[in-house]
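**Student:** one predicted model, sequence on top.
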Amino acid sequence: MHRNIENRTKANPYFFTPATSFKKITKRVMTSHQASRPINILLSHTRLDSAEPLGLISKSSFAYQYAIGRGGFGKVWKVEMKRTKELYALKEMQKLRVISKRSVHSVMNERKILETLRSSFIVNMHYAFQDRENLYLVMDLKNGGDLRYHIAKNKRFNEVQAKFIVACIVSGLQYIHSNGIIHRDIKPENLVFDERGYLHTTDFGIARIWVPENSKDTSGTPGYMAPEVLFRQNHGIAADYFAVGVILYEIMMGRRPYIGRDRKEIRDQIVSRQARVTEVPEGWSLEAADFINKLIQRKANYRLGNKGFGEINSHPWLKDFPWKDLFMGSLSAPYIPKSQDNFDPRNLGDWKDEIDPTIDLASSQNLFIGYSYDERVLMEVNNAHHKKSLSSF
């Protein structure tokens, strides 16, 4: 499999070799729906929380309204920035819980990856800061709720609605992959609607910059993990497209193709059979079933999307989709969330896992050095660079 991946890097623009610099990746030319966000490498050596002229961003910069979700380390809040009156989602993570769950690398990784991305099909980061007890990520506020909530609420979507949902997901993946990144945890809980019905990808905790040797990176959610990840093999962008196939299968059939209580049970099912849509439900097309079956192929080499987004949007099910209108945001969504509070308040309860009482938080602060981020600093750097470029004419 390693040899096959190496061969594909030459022909596939969505793969990058380890020799490709991170700076080069982030300066790729993007399409119209992918707003350019050049990264100044000097920022990685700058304490962004020391920018006095801009004012220090902290918890007191925001007025908390109410909790809208809960993650593995803390709650997500709807907040208003006091200075600008802008609304955001603030992800609050307890350091003790992060350390207890051995997830320091995950939260630091997410913060670093988000700094390099800006797209209308992902949930973008605006600020990151910390205090003694917590880490904070300030993100785009998407009021529509996650796809899991709506699947549970509606049970099924029709084919027109499903096609729009999939188009949003793969548009986000096209952008993510074009930056040399594999998301590796595409699932309904990590796909969030806005109030217009557009879907956005979030949670980059286990995302990785692609490298040929990545068989040891086996994190993910079992029901949506590609076989090559479950079986500890090298993997690429096809792993994300497998998850898209599982989601669409779930939307069409009302269940996932491989069901089990843990990784072993799901792995055993994958070994025993190739899941397929064999009976197309009423109101769905044969093209939709074929699209699903080609996405959930067990062997990545035969999976739709293995060679990039071009394989996805040229499939008969999507080839006539109005991509340009979607990218411009002018396409009306066929499914629009009905209210602003699209979340189940029962999911906001306390955690069942325990925090390790032996952790010394005071001596653990160095684990989170470099976490802070302020998009205003980036804007100032970009503006200065722009002025310098103009003055050279």
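**Tutor:** Received the coordinates, thanks. Numbering: from 1, shown residues only.
**Student:** okay, strands next: where are they in the stretch 201-350 of the chain?
**Tutor:** Secondary structure of the stretch 201-350 of the chain by DSSP state E, counting those that start in this stretch: the strands cover 208-209.
**Student:** what segments of it are helices?
**Tutor:** In the stretch 201-350 of the chain, the helices defined using DSSP state H, counting those that start in this stretch lie at 227-230, 238-253, 263-272, 286-295, 309-313, 323-328.
**Student:** which of these sits closest to Leu173?
**Tutor:** Leu173 sits nearest to helix 238-253 of all the helices of the stretch 201-350 of the chain, at 5.4 Å, using Cβ to Cβ. Backbone N, C-alpha and C define where each C-beta goes, glycine included.
**Student:** is Ile68 in a helix, a strand, or coil?
**Tutor:** Assigned by DSSP: H, G, I helix; E, B strand; the rest coil, the conformation of Ile68 is strand.
**Student:** number of residues surrounding the residue nearest to it when sequence neighbours are not counted?
**Tutor:** Computed as Cβ to Cβ, 6 or more residues apart in numbering, the closest residue to Ile68 that is not its neighbour in sequence is Lys78, at 5.0 Å. Lys78: 20 surrounding residues under other Cβ atoms under 10 Å.
**Student:** then Ile57?
**Tutor:** Ile57: 24 surrounding residues under other Cβ under 10 Å.
**Student:** likewise for Asp131?
**Tutor:** Neighbours of Asp131 under the rule other Cβ under 10 Å: 11.
**Student:** quick one, phi/psi of it?
**Tutor:** The phi and psi values for Asp131, taken as degrees, to the nearest 10, are phi -130, psi -170.
**Student:** what pLDDT, on average, does stretch 359-372 get?
**Tutor:** Averaged over stretch 359-372, pLDDT sits at 96.
**Student:** list the buried residues for it?
**Tutor:** Buried positions in stretch 359-372, judged by neighbour count with 16 or more other Cβ atoms under 10 Å: 368, 371-372.
**Student:** what's the answer for stretch 89-103, then?
**Tutor:** For stretch 89-103, by 16+ other Cβ under 10 Å, it's 89-101, 103.
**Student:** same check, this time on stretch 226-233
**Tutor:** For stretch 226-233, burial by neighbour count (16+ other Cβ under 10 Å) applies to 226-231, 233.
**Student:** closest to Phe129 out of these?
**Tutor:** Using Cβ to Cβ, Val229 is the member of the buried residues of stretch 226-233 that lies nearest Phe129, at 32.8 Å.
**Student:** the closest one against Thr218, yeah?
**Tutor:** Yes. In this structure, Val229 is within contact of Thr218 by Cβ atoms under 8 Å, at 5.9 Å.
**Student:** could you give the number of residues near Ile280?
**Tutor:** One thing to correct before we go on: residue 280 is Val, not Ile. For Val280, using other Cβ under 10 Å, the count is 16.
**Student:** hang on, the earlier thing: could the buried residues of stretch 89-103 go into JSON lines alongside pLDDT?
**Tutor:** Output for these, formatted as JSON lines (pLDDT from 0 to 100):
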{"residue": "Ala89", "pLDDT": "96"}
{"residue": "Leu90", "pLDDT": "97"}
{"residue": "Lys91", "pLDDT": "96"}
{"residue": "Glu92", "pLDDT": "96"}
{"residue": "Met93", "pLDDT": "96"}
{"residue": "Gln94", "pLDDT": "95"}
{"residue": "Lys95", "pLDDT": "97"}
{"residue": "Leu96", "pLDDT": "96"}
{"residue": "Arg97", "pLDDT": "95"}
{"residue": "Val98", "pLDDT": "96"}
{"residue": "Ile99", "pLDDT": "96"}
{"residue": "Ser100", "pLDDT": "95"}
{"residue": "Lys101", "pLDDT": "93"}
{"residue": "Ser103", "pLDDT": "94"}
